[in-house]
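Chemist: What shape does this take:
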Amino acid sequence: MLSDRSNAFGCLLGALAGLGSARQYLAEQAAYDLWQAEHREHLPIVRLQFA
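Modeler: This next block holds a predicted model:
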């Protein structure tokens, strides 16, 4: 019975570790996307002319 509990606890710790690495991956991906958006060439904004 003790081995079942420790195995379940080990699975829980493994799942939590996976969540931490997923959060880290998403944070790095968001930072990279933001960097790309800041460093690419943007088209000039043209004022609309109403007749």
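
Chemist: Every contact and neighbour count from this point should use C-alpha atoms.
Modeler: Noted.

Chemist: okay, now Ala17: neighbour count?
Modeler: Counted with other CA atoms under 10 Å, residues neighbouring Ala17 total 12.

Chemist: Equivalent analysis for Ile45, please.
Modeler: 6.

Chemist: For it, which three-state class applies?
Modeler: Secondary structure for Ile45, judged by DSSP: H, G, I helix; E, B strand; the rest coil, is coil.

Chemist: Work out the gap between the host helix or strand of Trp35 and the centre of the chain.
Modeler: Using DSSP states H and E, Trp35 sits in helix 2-39. Offset of helix 2-39 from its chain centre (CA atoms, centre = their mean, to the nearest Å): 9 Å.

Chemist: go on, stretch 35-44?
Modeler: The answer for stretch 35-44 is 21 Å, by CA atoms, centre = their mean.

Chemist: So what's the model's average confidence on it?
Modeler: Average pLDDT, stretch 35-44: 92.

Chemist: ends of it, how far apart?
Modeler: From its first residue to its last, stretch 35-44 covers 19 Å (CA to CA, to the nearest Å).

Chemist: Can you list the buried residues in it?
Modeler: Neighbour counts over stretch 35-44 (16 or more other CA atoms under 10 Å) mark no residue as buried.
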